[in-house]
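1. make a model of this:
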Amino acid sequence: MNGSFISGLAIGALATLPMFIGYAFKFSLIKEPDFNSLMINTVSAGFFEELIFRAYFFGLVYRYTRLGFIPAILATSFVFALLHLYQSQDPVELALIFTTTFLGSVLFGWLYTEWRFNLWVPIALHILMNLAWMLFNVDDTAAGNWYANIFRFLTIAIVITLTVIKAKRMHGGLQVNRKTLWRKS
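-> Residues are numbered from 1 along each chain as shown. Take a look at the predicted model:
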């Protein structure tokens, strides 16, 4: 929580522009937003999931052991994805939800690491992605449909690009690299 809140918010806002703009054109805005539901599913979910899964579980293992990024992120992402399976009973949809949330967890863990453990970056991105998803009639589950995922992938491409550019300019390279994938020295 020591990282820059403003930086995290700016990165999250810039990266999620495709979702907000794309969803505004493709999907209808929800007619009567439920403030409590929005708060729980955006702010609370994004904040607490990142605090618990990225900062605490992943962060403790990755930052304070010699385990590399892959072993540290796999276990926490697996549990994170399992906890999102309440969203459906259909086996195909469950596989999509699991895959989506697992990969999202890997992305958020990578962002947390690359932004020098500034938790505000994955928190802002997570909250704003959830907010865009909930403000528009996109889909009922995390799996999404074709159009929803096009804009979500654009958001992911932007945040990855911003992160790589920052790493090359400011810190001489990525933190997650061949030397830190499996074991840190």
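2. which residues does the residue most central in space within the chain contact?
-> Nearest to the mean C-alpha position of the chain, by CA atoms, centre = their mean, lies residue 108 at 4.2 Å. Going by CB atoms under 8 Å, 6 or more residues apart in numbering, residue 108 touches 50, 53-54, 122, 125-126. From N, CA and C alone the C-beta is placed, and that goes for glycine too.
3. buried residues of the helix or strand residue 95 falls within, list them for me.
-> Taking DSSP states H and E as the definition, residue 95 sits inside helix 91-114. Using 16 or more other CB atoms under 10 Å as the test for burial, helix 91-114 gives 93-94, 96-98, 100-102, 104-114.
4. can you check stretch 148-158 too?
-> So, applying 16+ other CB under 10 Å, buried residues of stretch 148-158: 148-149, 151-152, 154-156, 158.
5. same question, stretch 111-126
-> Buried-residue list, stretch 111-126, by 16+ other CB under 10 Å: 111-115, 117-126.
6. do the same with stretch 67-78
-> Here stretch 67-78 shows 67-69, 72-74, 76-77 as buried, counting by 16+ other CB under 10 Å.
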